[in-house]
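> here is my input, please return the structure:
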Amino acid sequence: LNGLDDKILAFYNLTQLQNLEVSNCKHLAASHLQMLTSLKILRLDSSSVVFHLSESLSDYKWQVPVEYLSISSYHGSGKALSQLLSHLPKLSELSLRDCNKITRMCIAVEQQQTTAVELEDTQAVESIQQQQVAEDLVEEEGVVPQLAMDQEDDDGMLIFPAHLSNSLQRLDLSSCPELILDVARPVLPTSHEEGTGGWGLQSLHSLQILHIWHCPKFLSTYNAPGCPFPSSLQCLKISGCMEGVQTLDFISNLNFLTELHIEDCGEDLRCEGLWPLLTQGQLSELIRVYGTPRFFAGLDPILGGLQD
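I've put the predicted structure just below:
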């Protein structure tokens, strides 16, 4: 289908619909999706939700109670997908598969985050707080509010809205070969509450399960000793080689991790960084380690030292 509208499906009669799966539909208008006020599960395969310009600029923020969203073989823009997520305040599970056009992912945070030098100049801070228009913020301070992205980023950048920090519990990423995890991006202040954030997925405070399958560039911008994942994580599955990753130092903060899978991660990945989780953390199920032949290289001296 080139499009799915009320001439094909009477959306206004589907207010009790809880599960919707759409395949091979290039154009599902957001204006129709918002009519599904009971929708819990949404699966989009080779399909895109389209927002008209008037909807993008409107102050009206409609919401649907979707808890599970699956996106596969997605060929739309990152901006459109970011907009869709902004209307799903109860989203707890998200699956992205074969999203080749999505090249960068970051989390929007309520409070400004800086990764190098904090702003100590009072005048500079006041100036930033006074600027409410996105166009004024983008170039002067490098501050990018939610969904106010440079034109060159529109297609590739996926920004998770700040509310997912408290709702998202499971994230599955599969076969997204160009996807890179980026630094958190600030949004315009919406309340007086202090926000917290960090690099990568750290601000997803409710995330418990993370699966990364064949996304080789996902951690390519990772720099030790930073930890890209939130400490709330309980289950981590990684399959496929990860560029620039040779140790497990990037999971050193996961004290609540109980289950770890390492599959087909090549010859470079070592178990360095794992030992503290085995001795001090809650890691009890190192269920699968295969296709990673040198993973345990260097562990014998550590074990020998403990025996001594």
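> hmm, Ser167 and Trp85 touching each other?
Slight slip there: residue 85 is Leu, not Trp. No. Leu85 is beyond contact range of Ser167, at 10.4 Å (criterion: Cβ atoms under 8 Å). Where you see a C-beta, it was placed from the backbone N, CA and C, and this is true even at glycine.
> need the residues touching each of those two.
Listed as contacting both Leu85 and Ser167 by Cβ atoms under 8 Å, 6 or more residues apart in numbering are Leu91.
> looking at the two, which is more packed in?
Ranked by neighbour count (other Cβ atoms under 10 Å), Leu85 and Ser167 place Leu85 first, with 22 against 19.
> hang on, the more buried one in a helix?
Yes. Under the criterion used here (DSSP: H, G, I helix; E, B strand; the rest coil), Leu85 sits inside a helix.
> who are the contact partners of it?
By Cβ under 8 Å, 6+ apart, Leu85 lies in contact with Leu69, Leu91, Leu94, Phe160, Pro161, Leu164.
> what about the residue nearest to the fifth one when sequence neighbours are not counted, how many neighbours?
It stands for Pro161. Using Cβ to Cβ, 6 or more residues apart in numbering and skipping the chain neighbours, the partner closest in space to Pro161 is Ser86 (4.4 Å). Counted with other Cβ under 10 Å, the neighbours of Ser86 add up to 19.
> for stretch 219-230, list every residue counted as buried.
Using 16 or more other Cβ atoms under 10 Å as the test for burial, stretch 219-230 gives Leu219, Thr221, Tyr222, Gly226, Cys227, Pro228, Phe229, Pro230.
> do stretch 201-211 as well
Buried residues in stretch 201-211 (16+ other Cβ under 10 Å): Leu201, Gln202, Ser203, Leu204, His205, Leu207, Gln208, Ile209, Leu210, His211.
> before we move on, back to that, nearest to Cys176, of the buried residues of stretch 219-230?
Nearest to Cys176 among those is Leu219, at 12.7 Å by Cβ to Cβ.
> and that closest one, what pLDDT?
In the predicted model, Leu219 carries a pLDDT score of 92.
> what of Asp155?
If you check Asp155, the pLDDT there is 80.
> if we can go back for a sec, got a winner among the contacts of Leu85 for most neighbours?
Within the contacts of Leu85, neighbour counts (other Cβ under 10 Å) peak at Phe160, which reaches 26 neighbours.
> lovely, talk soon.
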